[in-house]
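In: Sharing a sequence plus its predicted fold:
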Amino acid sequence: MAELLPQSSADEIVAHLRSIGSEENRLGMLRYGIKIERALGISHGVQRQIAKKIKRNHERAFELWRTGIMEAQFIASVTADPKRFSAADARQWVASFDSWDIVDGVSDLFVDTESWKELIDEFAADEREFVRRTAFAMMAWSVVHRKKEPEATFLAFLPIIEAHATDGRNFVKKGVNWALRSIGKRSMDMHGAALAVAERLAQSTDKTARWIGKDAVKELSDAKTLERLAARKG
């Protein structure tokens with residue numbers, strides 16, 4: 001098998017992926033609730049190494065995406081150019097999401113694009129489970145990626161989080177919870193606002209909202225979380 005290089009074609013990359021796929025890994029993914037119909041069984045670490053080797057190539061990323069292979073799609077998301085990635089591209093990709101791991105991997109790309117905020121609003125309002133999860137995964141990633149973003153942007157996500165905290169579908173509720181905890185851990189100011197939402201949800205009569213709230217309260221009230229936030233302020 002030829003070594004992968006920045007000039008490797010989509011076909012060569014896919015052939016390489018097929019050669020290193022592992023049935024054991026594939027079956028192991030089931031334990032984490034990952035759909036394996038489209039997977040070859042390659043760890044995320046190895047996928048990232050491959051993406052690093054082949055470097056960014058926007059056109060090839062779309063060829064890799066079109067293969068429908070989970071690992072090729074993740075590599076596509078890492079090697080696409082976020083500056084050239086449009087809202088229409090995001091809508092097209094998100095329509096095929098069928099597993100939480102592809103959502104969380106590709107949301108990482110979406111938050112680096114220009115239209116990230118409008119996509120969050122749009123995807124949160126979408127009834128499809130994995131599209132809605134994308135909105136909350138994007139919120140969580142944006143807290144990490146968008147370092148210069150004013151806090152008002154993230155605080156504006158809290159009403160969206162509260163509005164969808166009663167969506168009992170597993171992958172949505174976990175996404176909502178992740179977004180809420182992430183916002184609360186960004187800064188001391190945001191911590192107070194996120195904790196207030198979490199405490200309100202923890203008192204809800206809805207069991208999903210209650211679970212999201214209690215879990216977030218637990219992390220956001222944790223001494224280690226508070227220590228880290230206080231240190232960051234200093």
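Out: Nice, thanks for sending it over.

In: What is the neighbour count of the closest residue to residue 67 other than its chain neighbours?
Out: In space, and not counting its chain neighbours, residue 67 is closest to residue 14: 5.7 Å by Cβ to Cβ, 6 or more residues apart in numbering. For every residue, glycine as well, the C-beta is placed using N, CA and C. Other residues near residue 14 come to 18 when the count uses other Cβ atoms under 10 Å.

In: where's the host helix or strand of residue 14 relative to the chain centroid, distance-wise?
Out: For residue 14, the element it lies in under DSSP states H and E is helix 10-20. In this view, helix 10-20 has its centroid 25 Å away from the chain centroid, taken as Cα atoms, centre = their mean, to the nearest Å.

In: on that earlier part again, ok, the residue nearest to residue 67 touching residue 68?
Out: No. Counting by Cβ atoms under 8 Å, residue 14 does not reach residue 68; the two are 10.4 Å apart.

In: before we move on, the earlier item: can you pull the contacts of the residue nearest to residue 67?
Out: Going by Cβ atoms under 8 Å, 6 or more residues apart in numbering, residue 14 touches 64, 67, 69, 72.

In: which two in the residues you listed are spaced the farthest apart?
Out: Spatial extent of the contacts of residue 14 (Cβ to Cβ) is set by the pair 64 and 69 at 8.0 Å.

In: So for the two, which sits in the more crowded spot?
Out: More crowded of residue 64 and residue 69, by other Cβ under 10 Å: residue 64, with 28 against 21.

In: ok, now which ones touch the more buried one?
Out: Applying Cβ under 8 Å, 6+ apart, the residues near residue 64 are 10, 13-14, 72-73, 75-76, 79.

In: Go again with 7 Å.
Out: Under the criterion of Cβ atoms under 7 Å, 6 or more residues apart in numbering, the neighbours of residue 64 are 10, 13, 72-73, 75-76.

In: Now the helix ranked longest in the chain - C-alpha only, PDB.
Out: Secondary structure assigned by DSSP state H gives helix 129-145 as the longest helix of the chain. Below are the C-alpha coordinates for helix 129-145, written out as PDB (Å, rounded to 0.1, in the frame of the first residue of the first chain):
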ATOM      1  CA  GLU A 129     -32.700  14.000  15.900                       C
ATOM      2  CA  PHE A 130     -29.200  14.200  14.500                       C
ATOM      3  CA  VAL A 131     -29.700  17.600  13.000                       C
ATOM      4  CA  ARG A 132     -30.900  19.000  16.300                       C
ATOM      5  CA  ARG A 133     -28.000  17.400  18.100                       C
ATOM      6  CA  THR A 134     -25.600  19.100  15.600                       C
ATOM      7  CA  ALA A 135     -26.800  22.500  16.900                       C
ATOM      8  CA  PHE A 136     -25.900  21.600  20.500                       C
ATOM      9  CA  ALA A 137     -22.600  20.000  19.500                       C
ATOM     10  CA  MET A 138     -21.800  23.200  17.600                       C
ATOM     11  CA  MET A 139     -22.600  25.300  20.700                       C
ATOM     12  CA  ALA A 140     -20.300  23.100  22.800                       C
ATOM     13  CA  TRP A 141     -17.400  23.300  20.200                       C
ATOM     14  CA  SER A 142     -17.900  27.000  19.700                       C
ATOM     15  CA  VAL A 143     -17.100  27.700  23.300                       C
ATOM     16  CA  VAL A 144     -13.700  26.100  22.800                       C
ATOM     17  CA  HIS A 145     -13.000  27.300  19.200                       C
END
